[in-house]
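Engineer: heads up, no residue letters with this:
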């Protein structure tokens, strides 16, 4: 059973320069998100290698990830992209 069925989830991701990600979500929302505030901190130090940052993908749980050790919450990325506050969302279902 797909536990993500019906949820707004990323369907495409592409690394852009300066620690930016282009994302498209299942509800059609798309655009760039700046994640530079994470760069260089803890596990995110790996992003300093451009090839590693460029290896971003969407995993089977629909998280945006790099390798097996780094992932970002799709809900948090959606909120960053749209500028919405968590309390303004009834839920993240399509």
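Structural biologist: That came through, no problem. Please read all numbers here as calculations on a predicted model, not as lab measurements.

Engineer: tell me the SS of residue 79?
Structural biologist: At residue 79, secondary structure determined by DSSP: H, G, I helix; E, B strand; the rest coil is helix.

Engineer: how distant is the helix or strand bottoming out on mean pLDDT in the chain from the center of its chain?
Structural biologist: None of the helices or strands of the chain scores lower by mean pLDDT, DSSP states H and E than helix 74-82, at a mean of 92. Put simply, helix 74-82 sits 7 Å off its chain's centre (Cα atoms, centre = their mean, to the nearest Å).

Engineer: got a list of contacts for that helix?
Structural biologist: 8-10, 21, 23, 25, 29-34, 62-64, 84-86, 89, 92 (Cβ atoms under 8 Å, 6 or more residues apart in numbering). (Each C-beta comes from the backbone N, C-alpha and C, glycine too.)

Engineer: show me where this structure dips below the pLDDT cut-off.
Structural biologist: 1-6, 89-94 (pLDDT under 70).

Engineer: residue boundaries of the helices in it?
Structural biologist: Counting by DSSP state H, the chain has helices at residues 50-54, 74-82.

Engineer: so which of those helices comes closest to residue 44?
Structural biologist: helix 50-54 (9.4 Å; Cβ to Cβ).

Engineer: and the closest one, how far out from the chain middle?
Structural biologist: Worked out by Cα atoms, centre = their mean, helix 50-54 lies 15 Å from the chain centre.
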